Structure formats: C-alpha cells, structure tokens
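Peer 1: Provide a 3D model corresponding to the input given below.
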Amino acid sequence: MSLGDAAAEPAGGEKAALRAMAHPVRLRMMSLLTAAPMTAAEVARELGLTHANASYHLRNLLAGGLIRVEGEEKIRGGVAKRYRYDVAHDHAQERQRGPKSDEQLRLEFSAFAHELIRRTREAHFPPGPKLMADAELWVEPERWAEIRKRVADALRELHEVARPPRTPGTIRTSTTAAMFQMGEEE
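Peer 2: Sure thing, here's the model as predicted:
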C-alpha cells in the first residue's frame with residue numbers, strides 16, 4: 001500500500017480480522033468450529049497440528065473477532081477454553097461494524113480460492129451428477145437479488161445442520177460460494 005492509499009487502509013477491527021485470515025489453517029479451524037465448540041487440543045488432533053500451533057492460531061482468530069470463547073472446562077489441573085465460530089454472531093458483528101471493504105473481500109475470496117484448491121486434493125467424487133458452476137453472467141437486478149437470497153439461505157442452513165467432525169452418520173463435505181456484482185469492463 002502506498003502512502004497515497006492511507007484513506008483506504010482498513011479500520012482497527014478490520015485489520016485484526018485480515019491478519020487473522022492470513023493463514024490457511026485458520027479457515028480450516030473456522031470450519032471445524034462451526035458445528036461445535038472445541039478446545040485447542042481437539043482442534044490440534046483433528047488438523048494434525050501441535051497443541052501450541054493450534055493455540056497460536058486460535059488466539060489470532062479470537063483477536064480478529066472471528067471466533068469466540070463458548071466456555072471453559074478443567075482438564076488435568078488446567079483450564080481449557082472451548083472456541084466456536086458462530087455464523088449468526090459473525091453476521092451480527094458485521095452489521096455492527098458496517099460492510100467489509102472491497103480490499104478485505106478480495107483478500108477473503110483469495111483465501112477461499114486457495115482453500116478450495118487444498119480441499120480438491122482431498123476430494124472424493126462419487127458417481128453421479130456433480131454440483132459446480134462458474135459463470136460471469138448478465139442478469140436483471142431483481143432476479144440477481146432473489147437468487148443471492150436463496151443461495152444465502154441455503155448456506156445459512158448448511159451451517160446450522162453442520163455436526164462435529166466424524167459424527168456417526170455424517171459425511172465430510174466442502175462448500176464454497178462466491179457471488180458478487182462485477183464492475184464495468186474498461
């Protein structure tokens with residue numbers, strides 16, 4: 001960023017959130033913490049990290065306001081915090097802070113794209129129809145708003161029905177969605 005771009009610099013809370021999203025393992029942690037609160041030790045086991053590494057990344061997510069402490073429990077004479085990513089809380093915080101800057105959104109989309117690449121390396125594609133789309137389309141604004149709302153509702157429902165990792169009767173899935181209005185071509 002040049003000195004002339006100082007006005008475009010993110011606010012304090014947004015800066016902390018940007019820093020928190022700067023490492024790919026943190027997106028994986030947020031996904032894990034959607035279904036149920038977990039301790040650093042549980043996150044470490046699930047992601048194959050050291051306890052210290054998991055704790056470090058969880059502290060960064062907490063400092064960025066992206067996760068919250070859901071509770072504490074005594075374990076072997078110590079106290080372990082249970083962390084949770086709550087989509088509804090995240091949306092409420094965003095409404096309170098105001099919309100994300102274009103720069104923050106671009107950084108998040110980039111992080112999601114890198115995470116999608118990692119996930120496809122672990123993907124299992126069973127026989128049958130696949131659900132994937134990529135398009136740059138021209139649509140009426142009213143239809144665009146209707147479709148965005150339906151997709152947002154489906155994503156919210158998916159987060160609501162998420163279960164803790166390896167819950168019997170569940171399957172591990174990947175969902176990535178990005179819908180945005182394009183600028184005018186130059």
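Peer 1: what helix or strand does Gln104 sit in?
Peer 2: In this structure, Gln104 is located in helix 102-121 according to DSSP states H and E.
Peer 1: in that helix, what counts as buried?
Peer 2: For helix 102-121, the neighbour count (16 or more other Cβ atoms under 10 Å) marks 104, 107-108, 111, 115, 119 as buried. Just so you know, the C-beta spots here come from the backbone N, C-alpha and C atoms, and that holds for glycine as well.
Peer 1: quickly find the element holding Glu146.
Peer 2: helix 141-161.
Peer 1: just give me how far that helix sits from the chain centre.
Peer 2: The chain centre lies 16 Å from the centre of helix 141-161; the measure is Cα atoms, centre = their mean, to the nearest Å.
Peer 1: next helix or strand past the lowest-mean-pLDDT helix or strand in the chain?
Peer 2: Within the chain, no helix or strand scores below helix 12-20, which has a mean of 66 by mean pLDDT, DSSP states H and E. Toward the C-terminal end, the helix or strand that comes next after helix 12-20 (DSSP H and E) is helix 24-35.
Peer 1: so what's the gap between that following helix and the chain middle?
Peer 2: The chain centre lies 7 Å from the centre of helix 24-35; the measure is Cα atoms, centre = their mean.
Peer 1: how about low-confidence regions in the chain?
Peer 2: Applying pLDDT under 70 to the chain flags residues 1-18, 186.
Peer 1: try it again at 90.
Peer 2: Counting by pLDDT under 90, the chain contains low-confidence residues at 1-24, 27, 35, 63-66, 74-78, 86-112, 126, 128-131, 183-186.
Peer 1: next one: phi and psi at Tyr83?
Peer 2: Main-chain torsions, Tyr83, degrees, to the nearest 10: phi -100, psi 150.
Peer 1: kindly state the beta-bridge partners for it.
Peer 2: Bridge pairing for Tyr83 (DSSP bridges) gives the partners Met38, Val69.
Peer 1: is His89 in contact with Leu66, as I believe?
Peer 2: No - when contacts are counted by Cβ atoms under 8 Å, His89 is not listed as touching Leu66 (9.9 Å).
Peer 1: neighbour-wise, which of the two wins?
Peer 2: Leu66 (22 against 14; other Cβ atoms under 10 Å).
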